[in-house]
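Student: Generate coordinates for the sequence data below:
(one chain, ligands or ions: 1)
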Amino acid sequence: MAGVAGRLARLWCSGALSSPLQVTRFPALQLHLCGPAMRASQKDFENATNQVKLLKKDPGNEVKLKLYALYKQATEGPCNVPKPGVLDFINKAKWDAWNALGSLPKETARHNYVDLVSSLSASSESSIQVTPAADRKQPGSDALVVTSQDGITTITLNRPDKKNALTTQMYHDIMLALEAASKDDSAITVLTGNGDYYCSGNDLTNFTDIPPGGVEEKARSGAVLLRDFVDRFIDFPKPLVAVVNGPAVGISVTILGLFDIVYATDRATFHTPFSHLGQSPEGCSSYTFPKIMGPSKATEMLVFGKKLTAREACTQGLVTEVFPDSTFQKEVWVRLKAYSKLPPNAMRISKQVIRNTEKEKLHAINAEESNILRERWLSDECMNAVVSFLSKKAKL
Ligand SMILES: CCCCCCCCCCC/C=C/C(=O)SCCNC(=O)CCNC(=O)[C@H](O)C(C)(C)COP(=O)(O)OP(=O)(O)OC[C@H]1O[C@@H](n2cnc3c(N)ncnc32)[C@H](O)[C@@H]1OP(=O)(O)O
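Tutor: Residues are numbered from 1 along each chain as shown. Below is the predicted model:
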């Protein structure tokens, strides 16, 4: 299974969609140790479907799709459900696999299913234990790490294998972390990333999780989430520092205009390819960027998607200071630890004096940007760009 379907099958097993061995949702992925030469009885088949938990190794998504298709064919016969919509990527990949079996008799499908799991068992030592995929960063668990030390609360994006792309759950978790940090004993709050990227922006697989209300409902709830998320940055009461440890994309760049300090490694880049994605600016950048760098430089970034180096971003005023990558972490943390010893109330009040005059305006801009984006998400331009990325045809 190649191309789009293969890619979609891989998404199937990404944190956003499902656990690779989540047998409750994918009963077809169950294993039976049955000899391939034997004709599979109904009992063999049932055993097979009950034994998949013994698989120690994830069989991979192509095999899972085959198992799914054979299971459906064996239990229900030829594919008999309507083809899912083009944006319903996961169900469409499953439907395609089932439909490809045509009129294969139920008994043959059952036999093939048992054969397949039998061959899998030969290459996968069976075990009673089901261990979750080690590389899976489940939203709501370790995709976000919050630590508090030396008067500094640090919120670290921790999906390095996905360039710290933001899942829906991570937006919620960041909001909770900001809420807690606003009330804790720390003087300063830091947002940073683990791995080679700071953040690759919105996780584009967020678009694939379509609720029963359809894409309109998805866009509506996405706009509410976006607005709430950005509101937390507008209202954050303490000094907020971005430690930009690598390239930054999309919303991770736009909200920098709401931070009080932005320190960047010289390896960082700043990219807001909204037009390429059929989208429009958020994070109050339609206001903060022209204010920070002037309308023409802001247009180059937000409309034409010009990617800035760290030094360029510093010259434009988006970044406070750039550090050599080799000494970045050391220099930045020494600096921040010194700042965190300053009287916290004085820092908080000074921040508010600087920021409060604009708050109301920023909230109105955030609401407007979120509304406009809701419409954009329903546009062909946006849908095509997302499908292109998800089918591995395009990246930035
Ligand atoms: C209606 C829906 C509403 C949803 C909820 C809305 C909430 C608010 C939304 C606010 C609006 C935000 C807008 C934005 O942020 S726009 C920017 C979006 N980001 C991108 O377009 C970046 C896409 N990624 C890339 O172009 C490249 O991955 C990148 C240049 C970042 C890195 O390239 P590189 O070659 O170095 O690495 P890989 O491509 O191999 O990446 C490694 C794996 O990480 C996955 N990845 C990376 N970024 C993303 C992403 N943004 N979304 C999903 N997945 C991402 C990539 O696919 C690789 O995965 P695999 O290893 O599985 O292949």
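
Student: show me what contacts the residue in the chain positioned nearest to the ligand?
Tutor: At 2.2 Å from the ligand, G250 is the closest residue in the chain, using CB to the nearest ligand atom. Placement of C-beta: from N, CA and C, glycine included. By CB atoms under 8 Å, 6 or more residues apart in numbering, G250 lies in contact with C199, S200, G201, N202, H271, T272, P273, F274.

Student: what pLDDT, on average, does the longest helix along the chain get?
Tutor: Using DSSP state H, we find that the single longest helix of the chain is helix 344-377. Helix 344-377 carries an average pLDDT of 97.

Student: Can you name every helix or strand that that helix contacts?
Tutor: With contacts taken as 3 or more CB pairs under 8 Å, 6 or more residues apart in numbering; DSSP states H and E, helix 344-377 sits against helix 214-235, helix 285-293.

Student: winner for burial among those?
Tutor: Highest mean neighbour count among the helices and strands packed on helix 344-377 (mean count of other CB atoms under 10 Å): helix 285-293, with a mean of 20.

Student: in terms of contact, does G77 touch T108 like I think?
Tutor: No. Taking contacts as CB atoms under 8 Å, G77 lies outside contact range of T108: 11.4 Å.

Student: Let me see the ranges of the helices in this protein.
Tutor: Under DSSP H, the chain gives helices at 3-12, 42-50, 61-76, 89-99, 106-123, 168-183, 214-235, 251-254, 285-293, 295-302, 310-315, 328-340, 344-377, 380-390.

Student: sorry, back to before: reformat the helices and strands packed on helix 344-377 into CSV and put mean pLDDT next to each item.
Tutor: Listed next are the helices and strands packed on helix 344-377 as CSV, based on pLDDT from 0 to 100:
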stretch, mean pLDDT
helix 214-235, 97
helix 285-293, 98
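
Student: Which one, of these, ends up nearest to H363?
Tutor: H363 sits nearest to helix 214-235 of all those, at 6.1 Å, using CB to CB.

Student: Would you mind giving the orientation angle of the closest one with respect to helix 344-377?
Tutor: Helix 214-235 and helix 344-377 are oriented at 160 degrees to each other (axes from the mean of the first three to the mean of the last three CA atoms, to 10 degrees).

Student: And the contacts of helix 214-235?
Tutor: Here helix 214-235 has contacts from 87, 168, 171-172, 174-175, 178-179, 206-207, 209-211, 213, 240, 251, 255, 258-259, 282-284, 359, 362-363, 366-367, 369-371, 373-375, 377-378, using CB under 8 Å, 6+ apart.

Student: quick revisit: look up how far A100 lies from the residue of the chain closest to the ligand.
Tutor: Distance from G250 to A100, counting by CB to CB, to the nearest Å: 36 Å.

Student: Repeat that for D266.
Tutor: Applying CB to CB to D266 and A100 gives a distance of 51 Å.

Student: for L373, same thing?
Tutor: Counting by CB to CB, the gap from L373 to A100 is 37 Å.

Student: Quick check: residues of the chain near the ligand?
Tutor: Residues of the chain lying near the ligand by CB under 6 Å from any ligand atom: 10, 162-163, 165, 168, 171, 200-207, 218-219, 222, 225-226, 249-251, 277, 279, 282, 377, 389, 395-396.

Student: what about the stretch 51-200 of the chain, any weak spots by pLDDT?
Tutor: Within the stretch 51-200 of the chain, the segments meeting pLDDT under 70 span 51-58, 122-141.

Student: give me that answer again for 80
Tutor: Applying pLDDT under 80 to the stretch 51-200 of the chain flags residues 51-58, 60-62, 86-90, 121-141.

Student: List buried residues within the residues of the chain next to the ligand.
Tutor: 10, 162-163, 165, 168, 171, 200-207, 218-219, 222, 225-226, 249-251, 277, 279, 282, 377, 389 (16 or more other CB atoms under 10 Å).

Student: Could you give the number of residues near N384?
Tutor: Neighbour count of N384, defined by other CB atoms under 10 Å: 14.

Student: Name the nearest residue to it, sequence neighbours excluded.
Tutor: G278 (6.9 Å; CB to CB, 6 or more residues apart in numbering).

Student: now K92
Tutor: P84 (4.5 Å).

Student: isn't A165 right up against Y198?
Tutor: No. If you go by CB under 8 Å, A165 and Y198 don't touch, sitting 11.2 Å apart.

Student: just to revisit the earlier point, for the helices and strands packed on helix 344-377, give me JSON lines that also has distance to T156.
Tutor: Shown next, in JSON lines, are the helices and strands packed on helix 344-377 (distance: least, CB to CB, whole Å):
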{"stretch": "helix 214-235", "distance to T156": "17"}
{"stretch": "helix 285-293", "distance to T156": "23"}
